[in-house]
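Asker: Any chance you could fold what I've pasted below:
(chains A and B)
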Amino acid sequence: SSEVTQDPAVSVALGQTVRITCQGDTLRDYYATWYQQKPGRAPVLLFYGKNNRPSGVPDRFSASSSGTTSYLTIAGAQAEDEAVYYCNSRDSINYVLFGGGTQLTVL
Amino acid sequence: QVQLQESGPGLVKPSETLSLTCNVSGFSISSGHYWGWIRQPPGKGLEWIGSLYKNGHTYKNPSLKSAVTLSVDTSKNVFTLTLKSVTAADTAVYYCGRDPQPYVVTHAFDIWGQGRLVTVSS
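Answerer: Residues are numbered from 1 along each chain as shown, chains lettered A, B, ... in the order given. Model (predicted):
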């Protein structure tokens, strides 16, 4: 069955650039959706579709993809970016699969 | 501004039915957007439950499909989730959300409710 995988944890020094990855066969055909979730809060949509970024998402966040891997890049990470980041994708029968999430620590 | 609010029992007994309602304010549920449910077991990741449209068309997670019913009441501007025969594994925070683009399903959610913790326990 299809699955979407993420590294469990990533760290970045304050002000540096970090890339969070999302891997899965479905990502070859469908764009990843990215969310940020802070403790006790609902997820916040960062990107969906072909690089659609909702208003209010800082432009230090960007999304890209190559083959079966999608990337969320934070250029100049801030302390407030410390959170869990989730990606998801869909498959050919509109089954939506979430990755397990990546805990980002800003040092 | 658009707001979503989940409501329903916070405690459900095993083998019974979980029912939640998402109350939408500041936006018409008949606008053309899809609406959906996502859940998150305590300390774990997100799981998509399903999405539905104003005309009753649905997409559902295949692993939950037979147990899940999604419905919409445009007159009350709400949509609902029912999950039959629950077990402890269904204990989670249940979120409702709005798909951002009208007339097409993206399976993304740009507006979320605050979440409702439902515990399955006798």
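Asker: only C-alpha atoms for contact and neighbour calcs from this point on.
Answerer: Noted.
Asker: Please identify the helix or strand for the residue nearest in space to the middle of chain B.
Answerer: The residue lying closest to the centre of chain B (CA atoms, centre = their mean) is B:Trp37, at 2.9 Å. B:Trp37 is part of strand B:35-40 when elements are defined by DSSP states H and E.
Asker: Now do that strand, average pLDDT.
Answerer: In this model, strand B:35-40 has a mean pLDDT of 98.
Asker: Identify the residues contacting the residue positioned nearest the centre of chain A.
Answerer: For chain A, the residue nearest the mean C-alpha position is A:Trp34 (4.0 Å; CA atoms, centre = their mean). By CA atoms under 8 Å, 6 or more residues apart in numbering or on different chains, the contact set of A:Trp34 is A:45-48, A:72, A:85-88.
Asker: Just checking: what are the partner strands of the lowest-mean-pLDDT helix or strand in chain B?
Answerer: Scoring the helices and strands of chain B by mean pLDDT, DSSP states H and E places strand B:58-60 at the bottom, with a mean of 94. Using DSSP bridges, the strands paired with strand B:58-60 are strand B:47-52 (antiparallel).
Asker: Could you check the angle the strand it pairs with makes with strand B:35-40?
Answerer: When axes from the mean of the first three to the mean of the last three CA atoms, to 10 degrees is applied, the directions of strand B:47-52 and strand B:35-40 differ by 170 degrees.
Asker: mean confidence score for strand B:47-52?
Answerer: In the prediction, strand B:47-52 has an average pLDDT of 96.
Asker: got the contact list for that strand?
Answerer: Contacts to strand B:47-52, defined as CA under 8 Å, 6+ apart, come from residues A:96-98, B:34-40, B:58-61, B:64, B:70-72, B:107.
Asker: picking up where we left off before, and the contacts of A:Trp34 near chain B, which?
Answerer: Counting by CA under 8 Å from any CA of the partner chain, A:45, A:48 from these sit close to chain B.
Asker: What subset of the contacts of A:Trp34 is buried?
Answerer: With burial judged by 16 or more other CA atoms under 10 Å in any protein chain shown, the buried subset of those is A:45-48, A:72, A:85-88.
Asker: leaving aside the residues next to it on the chain, what's closest to A:Phe61?
Answerer: Leaving aside its sequence neighbours, A:Phe61 sits nearest to A:Ile74 (CA to CA, 6 or more residues apart in numbering or on different chains; 4.7 Å).
Asker: can you check B:Val93 too?
Answerer: Closest to B:Val93 by CA to CA, 6+ apart is B:Leu117, at 4.1 Å.
Asker: where's A:Thr21, which helix or strand?
Answerer: Following DSSP H and E, one finds A:Thr21 within strand A:18-23.
Asker: got the contact list for that strand?
Answerer: With contact meaning CA under 8 Å, 6+ apart, strand A:18-23 is reached by A:4-7, A:10-12, A:68-75, A:77, A:87, A:99, A:102.
Asker: What's the ChimeraX syntax to select whichever of the residues you listed are buried?
Answerer: The buried residues among the contacts of strand A:18-23 can be selected in ChimeraX (16+ other CA under 10 Å) with this line:
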select /A:4,5,6,12,68,69,70,71,72,73,74,77,87,99,102
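Asker: Sounds good, over and out.
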